[in-house]
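Asks: structure for the following, please:
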Amino acid sequence: MDGTRVPTRDHRLAARSKNHRYSTNPQVAIDADTRLVIATGEPKPGNRNDCTVYRDSGIADVLDGRPVMADGGYQGNPEVIGPYRKPRDSGELADWQEDLNTVHRSIRARAEHALARMKNWTILRDYRRAAHTLRDTASDIAHLHNLTLTGWPRITRAANHKISYVTSLSGGARSFGGDRRSCGQVGAMWTTPPIALFNN
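Replies: Now for the predicted structure:
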């Protein structure tokens, strides 16, 4: 899990953050195995730290007790697994702690890569719409991100050279972010009924 600053022009929600721009801080959780986005949190002002935004954004409720790994910015949340820090008395970490930190870094990098891919969409690099719509927008982009990773919808040529779009994804339904569409459980694909559309 990780958060990112999204420059937001609507100052009713945005606040001046560490990059000296008015921004918001949405939280995104991914499945470490599939790299699919499984939850988005309600964006909060960009001057709030990740620990506070995690508690206030509602993403903890969506994750519902699942194990969550995040960077050191989430210290203070007992349900978040963070990296081991060196002791203040300038001691060294044990070898097993270093090994766990290595695994932790590789998993955290997946969340950062997912956020980077989501921010390839121009709308998340300079959000000009009303700030209260940002969660829905981030959720929609998360859907597109997941569809890109799973390879759906697949476009195939029919025998009569008309394009056919086939979508068939499986998994158990759970609430996703702020919208009411269904998505798969952690590690599963999106839940939508099989659809076949043919151009006339």
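
Asks: every contact and neighbour count from this point should use C-alpha atoms.
Replies: Will do.

Asks: ranges for the helices of the chain?
Replies: Applying DSSP state H to the chain gives helices spanning 50-56, 59-63, 95-118, 134-150.

Asks: can you redo those as CSV with mean pLDDT and mean neighbour count?
Replies: Formatted as CSV, the helices of the chain follow (pLDDT from 0 to 100; neighbours: other C-alpha atoms under 10 Å):
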stretch, mean pLDDT, mean neighbour count
helix 50-56, 90, 19
helix 59-63, 88, 18
helix 95-118, 92, 16
helix 134-150, 92, 19
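
Asks: need those in TSV (columns: distance to Val28).
Replies: Listed next are the helices of the chain as TSV, based on distance: least, C-alpha to C-alpha, whole Å:
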stretch	distance to Val28
helix 50-56	10
helix 59-63	8
helix 95-118	8
helix 134-150	9
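
Asks: ranges for the strands of the chain?
Replies: 2-3, 6-7, 15-16, 22-25, 27-30, 37-40, 44-45, 68-69, 80-81, 154-157, 163-169, 174-175, 182-183, 192-198 (DSSP state E).

Asks: just for this protein, where's the confidence low?
Replies: Where the chain drops to pLDDT under 70, the residues are 153-200.

Asks: rerun that using 80 as the cut-off
Replies: Along the chain, segments meeting pLDDT under 80 span 19-20, 65, 90, 152-200.

Asks: what residue lies at the spatial centre of it?
Replies: Val28 (2.7 Å; C-alpha atoms, centre = their mean).

Asks: so that residue sits against Gly3, correct?
Replies: Yes: when contacts are counted by C-alpha atoms under 8 Å, Val28 is listed as touching Gly3 (6.1 Å).

Asks: circling back: bridging residues for the residue nearest to the centre of the chain?
Replies: As for beta bridges, Val28 partners with Asp2, Thr40 under DSSP bridges.

Asks: alright, that wraps it up for me.
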